[in-house]
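Peer 1: Sharing a model prediction with you, sequence too.
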Amino acid sequence: MRSMFTKSLYFISLFLLWGCHFKDICPECDTVNEVLIKFDWSKIDFVPDGMTVLLYDTDGNLVETFSNVPSEGRIVKLKSGGYSAACYNNDTEYVQWRNLNNINTLEAYTTETDILADHSRNRSTRTSSYKVTNEKLTAMPDMLCGECLWDIDVMTKDDDVQVILFTPTLLVDVYIYEFTNISNTEHITNIRATLSGLNEGLYIADQQESTESCTMPFSGNVDETKENTITGTMVNFGFTKDKSNLLTLYLWTKGNNIKSTWDVTKAVENAPDPHYVVIIIDTPIEVSPPIEGDDGINPEVNDWIIINETIIL
């Protein structure tokens, strides 16, 4: 009996010694730590309503998702270890995400749309049969910001809460377009513009563009501060290399419908700031007065006055 007791005591002591030895080697294994996720907004001119933060292991695989992180930050709990991370604002309406399971394939994109959808940020289910280009017609993205961080080492700290600091940057490009020589703008009932040769999406890890190109439609407005001028803003994922950027203006008016196209590839490629592009078209376009008895408010009419003069900027 004493021999059995002695053996039991020996094995228990051996087990305790092994446990202490293991802790000496890896004192932080499976330790859960409080970590402050924080944001520095100094590189963009807006602060989103909320952020999504994705944590990946050292192989790039998704291990944690934190949704609706406030712009002022939030404390989360993470196991000790090495991570990479991605963040992006989640107060968007049109931006979609795919391939979230790996940080290297995480991609922002938008879905297919129609030229007559309301691209002023109010959804519309209206569709039309207009053939714009041979490219896919996709919706304009929202203002999107984010950042990826690498080599994050979460460690146990007795006193201070560890901070993971993101400094988000703008992930989309902004194009401003102006048509400065449009006569009789008072007869215009609807305005759309499209730009071809744009990237369908963006890989956030290396900010490389999608391999697919698309055409995006944008709303326009008669500028009340500038006579005979139509202006609009395009938000996109940048232009696709080796693709032409064709800017097409569609005008529905009380007298006729006008469609005109310009090749603006050089203006896009040679812009001083590739992320903020200004395109100005001064080609004269005359909007005819309405035909007597025709209110011209039906944008489904398929007869167009097509202006074939294409200007290479």
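Peer 2: Alright, I've got the coordinates.
Peer 1: show me the contacts for Asn89.
Peer 2: Pro48, Asp49, Gly50, Met51, Thr52, Met143, Leu144, Cys145, Gly146, Pro168 (Cβ atoms under 8 Å, 6 or more residues apart in numbering). For every residue, glycine as well, the C-beta is placed using N, CA and C.
Peer 1: Among the residues you listed, which are located in strands?
Peer 2: Within the contacts of Asn89, residues falling in strands by DSSP state E are Gly50, Met51, Thr52, Cys145, Gly146.
Peer 1: okay if I get those as a markdown table plus neighbour count, distance to Asn90 and pLDDT?
Peer 2: What follows is the ones in strands among the contacts of Asn89, written out as a markdown table (neighbours: other Cβ atoms under 10 Å; distance: Cβ to Cβ, whole Å; pLDDT from 0 to 100):
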| residue | neighbour count | distance to Asn90 | pLDDT |
| --- | --- | --- | --- |
| Gly50 | 13 | 5 | 95 |
| Met51 | 24 | 6 | 98 |
| Thr52 | 17 | 5 | 98 |
| Cys145 | 23 | 11 | 97 |
| Gly146 | 23 | 10 | 97 |
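Peer 1: Turn the contacts of Asn89 into a markdown table, including distance to Lys226.
Peer 2: Converted to a markdown table, these look like this (distance: Cβ to Cβ, whole Å):
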| residue | distance to Lys226 |
| --- | --- |
| Pro48 | 31 |
| Asp49 | 33 |
| Gly50 | 37 |
| Met51 | 37 |
| Thr52 | 39 |
| Met143 | 24 |
| Leu144 | 29 |
| Cys145 | 30 |
| Gly146 | 35 |
| Pro168 | 34 |
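Peer 1: How about Tyr175, nearest residue that isn't a chain neighbour?
Peer 2: Met234 (3.9 Å; Cβ to Cβ, 6 or more residues apart in numbering).
Peer 1: Per-residue pLDDT of the one you found, please?
Peer 2: You'll see Met234 listed with a pLDDT of 95.
Peer 1: partners of the helix or strand containing it, with directions?
Peer 2: Using DSSP states H and E, Met234 sits in strand 230-236. As defined by DSSP bridges, the strand partners of strand 230-236 come to strand 173-179 (antiparallel), strand 221-222 (antiparallel).
Peer 1: Please tell me I have it right and Asn245 contacts Asn270.
Peer 2: No. When contacts are counted by Cβ atoms under 8 Å, Asn245 is not listed as touching Asn270 (11.4 Å).
Peer 1: Looking at the two, which is more packed in?
Peer 2: Relative neighbour count places Asn245 above the other of Asn245 and Asn270, with 24 against 10, counting by other Cβ atoms under 10 Å.
Peer 1: who's in contact with that one?
Peer 2: By Cβ under 8 Å, 6+ apart, the neighbours of Asn245 are Leu195, Ser196, Gly197, Leu198, Phe239, Asp263, Val264, Thr265, Ala267, Val268, Glu269.
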